[in-house]
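1. Return atomic coordinates for the entry below.
(2 chains)
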Protein chains: 2
Amino acid sequence: MNPTLDVLYQRRSVRSYRDEPLAAEHREAILQAAFRAPTAGNMMLYSIIEVEDQVLKDRLAETCDHQPFIARAPWVLVFLADYQRWMDAFAYTAAPQRAAELGLPQRAPQEGDLLLAMSDTIIAAQNAVVAAESLGVGSCYIGDILEQYEVHRQLFNLPRYALPVCMLCFGYPKREDPPALSPRFPAEYILHRDQYHRLEPQDVQAMTAPIEERYHANGNYIAGAQNLPQHVYLRKFTADFSVEMSRSARAMLRAWCGEEE
Amino acid sequence: MNPTLDVLYQRRSVRSYRDEPLAAEHREAILQAAFRAPTAGNMMLYSIIEVEDQVLKDRLAETCDHQPFIARAPWVLVFLADYQRWMDAFAYTAAPQRAAELGLPQRAPQEGDLLLAMSDTIIAAQNAVVAAESLGVGSCYIGDILEQYEVHRQLFNLPRYALPVCMLCFGYPKREDPPALSPRFPAEYILHRDQYHRLEPQDVQAMTAPIEERYHANGNYIAGAQNLPQHVYLRKFTADFSVEMSRSARAMLRAWCGEEE
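-> Residues are numbered from 1 along each chain as shown, chains lettered A, B, ... in the order given. Predicted coordinates:
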């Protein structure tokens, strides 16, 4: 086991932080890891907003499904899928006009450009997470930044081709003894050989057993759920935040891919 | 500098591999890193297809924008955003019926679930890349797996809620002396403080200078391009593969979010 594998295997989400700012050299090392992340065609199709203003953090703690720990996180980064920088650079260098002069096509960013930019963005975010972990800095993804697009667009003054796709909170962990690792599904249900194989009814029990055990040890399912899939269906999949996330994601897709307003 | 930061800072894409299969313990360590990746609500909203069949690799080398090195990669992993596993588990445990009994809503995966699943997927992929790098295994992302959705769906027998979002090739690097690191844009153009700031016309030169230098040293722009943004516009952004990627991404979104066929 090399030290990097050890970092990857032992990383947990940390939501409770010591009341202490992140050291400047830690911030710098984490950002540097993000910037060195692989990126499609070396285009760096993302931006990072460092959220320092407490007013903004307080708002994010509300807009991201009411999670107060966000407001107390010493360092918050919002990762944006970003084609705006290139669109502006294209405009400033008259690239579309150059294409026209050459008899070549012009276009605007569409769905494929967004998904490719999302990849760049999340790859960079995960490099930040791994760098942080190696420095003893805890981190937590906030997928809920996908919600409330219109609010976040206004909060951060986002142009059309810059969309928030993930957010990270960082801080030094309050707990000195890390909690147990979350159990995962057994590999055989995630890994396929050459062809996708659908889950079979008789697999459900074996797949969910490691996680069900943890639930039985740590607490209970949401009211009415009789097993893990029912719990996930009721607690996550049909929860208000999931409905809002899809509404917001549709608004993002419209902003990026729709007709110019 | 700790060893993990060193791995993150020194990683390059590798497309030329020694003709040697990946050691089983390296495959296992890389997959384990993917499985330990952070995941929204511990849902593991992804699947990984290990592509072993040479016929499939040969097809991917064609469908992914004609890149022959893919066919020669010792190990190829396709990463899928996957809600199918949960939808099947929900069905097998009668979760929607349970919700109905409780007077609670039912729903199907939509745009937000897809973007969240994409995050899970790409986070896992990047953990695989970092693990590989730490083991001396080279890797390369193939964003072109976003193209030709209908072909890939058939090749891998994909159900509705399992979409290919990134692909990785792995192998031991042929070159013993690693090439120079690709220059990136200066941090100030990627990092924002509290508010998004758009690129200004006078920024273009300073932003692109480190990469333009490399182009001047290593080769030339595509015919007709007078600077880096024009080159990117003509060579990448308006290229056939970008047009196809957006067509294919739209088909994926329709498959996932559209009316049941």
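
2. helix/strand/coil for the residue nearest the centre of chain A?
-> Residue closest to the average C-alpha location in chain A (Cα atoms, centre = their mean): A:C166, at 3.0 Å. Here A:C166 is recorded as strand under DSSP: H, G, I helix; E, B strand; the rest coil.

3. need the contact list for it.
-> Contacts for A:C166 were tallied using Cβ atoms under 8 Å, 6 or more residues apart in numbering or on different chains; they are A:79, A:121-122, A:125, A:141-143, A:145-146, B:119. Every residue, glycine included, has its C-beta placed from N, CA and C.

4. Swap in 6 Å and give it another go.
-> By Cβ atoms under 6 Å, 6 or more residues apart in numbering or on different chains, the residues touching A:C166 are A:79, A:122, A:125, A:141, B:119.

5. ok, now A:P38?
-> Taking Cβ under 6 Å, 6+ apart, one finds A:123, B:141 in contact with A:P38.

6. Going by secondary structure, it is in what exactly?
-> Assignment of secondary structure by DSSP states H and E places A:P38 within no helix or strand.

7. Tell me, what's the model's pLDDT at it?
-> The score at A:P38 is 98. That number is its pLDDT.

8. For B:P3, see how far away it is.
-> A:P38 is 19 Å from B:P3, where distance means Cβ to Cβ, to the nearest Å.

9. How about A:F79?
-> Counting by Cβ to Cβ, the gap from A:F79 to B:P3 is 25 Å.

10. These two: which has the busier surroundings?
-> When A:F79 and B:P3 are compared for neighbours, A:F79 comes out ahead with 28 against 14, by other Cβ atoms under 10 Å in any protein chain shown.

11. what are the pairing partners of whichever helix or strand the more buried one is part of, and which direction each?
-> Element membership for A:F79, per DSSP H and E: strand A:75-82. Strand partners for strand A:75-82, identified by DSSP bridges, are recorded as strand A:46-51 (antiparallel), strand A:162-171 (antiparallel).

12. what sits up against the next helix-or-strand element following that strand?
-> Sequence-wise, the next helix or strand downstream of strand A:75-82 (DSSP H and E) is helix A:84-92. The contact list for helix A:84-92 (Cβ under 6 Å, 6+ apart) reads A:159, A:161-162, B:198-199, B:201, B:204, B:229, B:233.

13. Tell me the buried residues in helix A:84-92?
-> Judged by neighbour count (16 or more other Cβ atoms under 10 Å in any protein chain shown), helix A:84-92 contains these buried residues: A:84-90, A:92.

14. what do you get for stretch A:220-240?
-> Applying 16+ other Cβ under 10 Å to stretch A:220-240 flags A:221, A:225, A:227-239 as buried.

15. Keep only the residues you listed that also lie close to chain B.
-> The overlap between those and the neighbours of chain B (Cβ under 6 Å from any Cβ of the partner chain) comes to A:227, A:229-230, A:233, A:236, A:238.

16. got a markdown table for the residues you listed, with distance to A:W75, secondary structure and pLDDT too?
-> Formatted as a markdown table, those follow (distance: Cβ to Cβ, whole Å; DSSP: H, G, I helix; E, B strand; the rest coil; pLDDT from 0 to 100):
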| residue | distance to A:W75 | secondary structure | pLDDT |
| --- | --- | --- | --- |
| A:N227 | 38 | coil | 93 |
| A:P229 | 36 | helix | 96 |
| A:Q230 | 37 | helix | 96 |
| A:Y233 | 34 | helix | 97 |
| A:K236 | 27 | helix | 96 |
| A:T238 | 33 | coil | 97 |
